[in-house]
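Enquirer: one predicted model, sequence on top.
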Amino acid sequence: MDAVNWVLINGANAGHWLWDVIKAFFGALFGALDAVLNPVLSPVLALVNPICTAIADGVYAVLSPLPIWLGLTLLSAVTGVVLLIAFRYLSNQAAIGRARDEITANLLALKLFKDEIRVAFRSQWRLLKALLRLQGLMLVPILIMALPLMLGIAQMGIRYQWRPLRADEQTLIKLHLSPTDADMTQAELQPNSGVRDVVGPVPGGEELVWRIRGGEPGRHTLQFNVAGTVVEKELVVGNGFERVSAKRPGRRWTTQILHPVEPRLAADSPVQSIEILYGGVDSWVYGANWWILYFFVVSMVFALLFKPIFKVRF
């Protein structure tokens, strides 16, 4: 029994150590990648996000007479077909066809010559090479489509993920400070008709936190005076289906792409980001955390339905 316990304990320790190594490796890898991408993508997103938001506002104005779930279904279906067509022209369809034919041929060889060891091993090797070649052929068009897809999903997220603050509903506003200004306490939220019963700011590490209640319905611009620097944040109060900007981002491209509505904060600002803790949309179809699953399922179904029509291989 002691030997079994020793094996279990040391096995668990080894598993934790391996997991820590994997996290450290990928953390360093993504950190290095982010350091390269951020100087390029951050200014690009600062220009592209307002354009995407204006286009999305127009699209949702057209869809506004429809039930919300139907609008999401139409957007998902159209996205699936558009991505299918884009993949058709961005990929090498002839090479993908040859790779898939080779995969089929080697699978058939494994079935027919399962008693021939040399033939089986040769077919397995060719099958592996064909699979890797197929993944490589599909990777390039997927990477090209990734950024436009992420921009579109971000515009959907600000409508389906969060809902406006209700009148008299309580929530928190978090103002994230830069590390050099973490000890700053000279901050003030200016009076605004969109908020009432303001409590704060309460310091918490590199954050200043206000507790508020929703005031008059509408779109409001909150102003924060942080040691003489005025920064603004949009607040939406109401009951309807509206786009909601949960965070005004700093200059990280990953935050900018997820929160595309408001302009990024200045590089010399003592504030890194401003976040409002909105409630999630409550629905099994288009609600918080469900809409993205529904979107991908419907997009995939329509892509598969239109695949033979456009003669796409993947």
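Expert: Sure, I can see it.
Enquirer: contacts and neighbour counts: CA atoms only from here.
Expert: Will do.
Enquirer: all strands for the stretch 201-314 of the chain, in order.
Expert: Using DSSP state E, counting those that start in this stretch, the strands found in the stretch 201-314 of the chain span residues 207-214, 218-226, 229-237, 247-248, 271-276.
Enquirer: can you give me the buried ones in stretch 126-146?
Expert: Residues of stretch 126-146 classed as buried by neighbour count (16 or more other Cα atoms under 10 Å): 126-127, 130-131, 133-134, 137-138, 141-142.
Enquirer: err, stretch 253-262, not the other one
Expert: 253-262.
Enquirer: other residues contacting it?
Expert: By Cα atoms under 8 Å, 6 or more residues apart in numbering, the residues outside stretch 253-262 that reach it are 38, 41-42, 45-46, 49-50, 53, 150-151, 154-155, 157-158, 233-234, 245-250, 264.
Enquirer: what do you get for stretch 301-314?
Expert: Residues contacting stretch 301-314 (Cα under 8 Å, 6+ apart): 77, 80-81, 83-85, 87-88, 93, 96-97, 138.
Enquirer: using a markdown table, please lay out those residues together with pLDDT and distance to A14.
Expert: Shown next, in a markdown table, are the contacts of stretch 301-314 (pLDDT from 0 to 100; distance: Cα to Cα, whole Å):
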| residue | pLDDT | distance to A14 |
| --- | --- | --- |
| A77 | 96 | 46 |
| G80 | 95 | 43 |
| V81 | 95 | 47 |
| L83 | 94 | 43 |
| L84 | 94 | 44 |
| I85 | 94 | 47 |
| F87 | 93 | 43 |
| R88 | 92 | 46 |
| Q93 | 90 | 45 |
| I96 | 88 | 41 |
| G97 | 87 | 44 |
| M138 | 90 | 36 |
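Enquirer: from those, list the buried ones, please.
Expert: Among these, those scoring as buried are 77, 80-81, 83-85, 87-88, 93, 96, 138 (criterion: 16+ other Cα under 10 Å).
Enquirer: just name the closest of the residues you listed to S269, please.
Expert: Of all the buried ones among the contacts of stretch 301-314, S269 sits closest to L83, with 39.0 Å by Cα to Cα.
Enquirer: relative to D282, how far out is that closest one?
Expert: 29 Å (Cα to Cα, to the nearest Å).
Enquirer: ok, I142 next?
Expert: Distance from I142 to D282, by Cα to Cα: 32 Å.
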